[in-house]
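Visitor: predicted model follows, preceded by the sequence.
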Amino acid sequence: MQFLQQSWQRAWVALGAQPDRALFEQVVDCYKESHRKYHTLQHLRECLEKLQPVLELAEHPGEVELALWFHDAVYELRREDNELQSALWAKRELAASGVPLEAGERVQALVLATRHSALPVSQDERLLVDIDLSILGAEPERFAEYERQVREEYGWVPRWLFRRKRLAVLREFIGRISIFSTEHFHDQLEDQARENLEHSITRLAG
């Protein structure tokens, strides 16, 4: 928990605001919700760990770090506006803490970028989206665990429908010219991500 506390404090201080302990605990509790199997504290921690070595690549490091904190803060399986609600929550908290409006709007845009419905535009969006997608380039054992977690999270979806929807998602990613937008993550994870995706697509389509 110390790692998470340090990350939370660093993000708020970088934004010129006072870290809120009660809000920290509230956000952490969100990632502990029982219906989550992948979008948990494990995912949040992995994202924050991926960020630490590349903080200097961000134009606004504190904004990227805080956006990671909020990017899955709201996660209800049957709703389609989780990222929007997470982004609005982040923006409200930033405004309440006296952070300039422009920073709040950038954080909101960063969180919305994790919908993965469009390619990221800014350097910070590219960095944050790559971090969110870094699980695709994980070692095979962790990727297999991730696949199981996603299936368990959507356990209420019939197997045939899950396979169809999941295949569409994975094929969209592997069909991209490059899965990762930044040179750092492309060099580190692109090849492994494509191996993982090919294996998963073969399994689901079989």
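Guide: Thanks, I have the structure now. No experiment lies behind these values; they were computed from the predicted model shown. Numbering: from 1, shown residues only.
Visitor: could you use CA atoms for every contact and neighbour count after this?
Guide: Noted.
Visitor: hey, which helix is longest across this protein?
Guide: helix 183-205 (DSSP state H).
Visitor: what sits up against it?
Guide: Residues outside helix 183-205 that contact it (C-alpha atoms under 8 Å, 6 or more residues apart in numbering) are 130-131, 134, 136-140, 143, 163, 167, 170-171, 174, 178-180.
Visitor: try 6 Å
Guide: Outside of helix 183-205, the residues within contact range by C-alpha atoms under 6 Å, 6 or more residues apart in numbering are Leu136, Gly137, Phe180.
Visitor: look up phi and psi at the last one.
Guide: Translated: Phe180. phi -100, psi 140 (degrees, to the nearest 10).
Visitor: how many other residues sit next to the closest residue in space to it that isn't next to it in sequence?
Guide: In this structure, Phe180 finds its nearest non-sequential neighbour in His186, 5.0 Å apart by C-alpha to C-alpha, 6 or more residues apart in numbering. Neighbours of His186 under the rule other C-alpha atoms under 10 Å: 18.
Visitor: what distance do you get for His186 to Ile131?
Guide: 11 Å (C-alpha to C-alpha, to the nearest Å).
Visitor: so how far is Ala113 from the residue sitting nearest the centre point of the chain?
Guide: In the chain, the residue lying closest to the centroid (C-alpha atoms, centre = their mean) is Asp132, at 3.5 Å. Using C-alpha to C-alpha, Asp132 is found at 10 Å from Ala113.
Visitor: what number of residues lie near the closest residue to Trp69 other than its chain neighbours?
Guide: Leaving aside its sequence neighbours, Trp69 sits nearest to Leu44 (C-alpha to C-alpha, 6+ apart; 6.9 Å). Leu44: 22 surrounding residues under other C-alpha under 10 Å.
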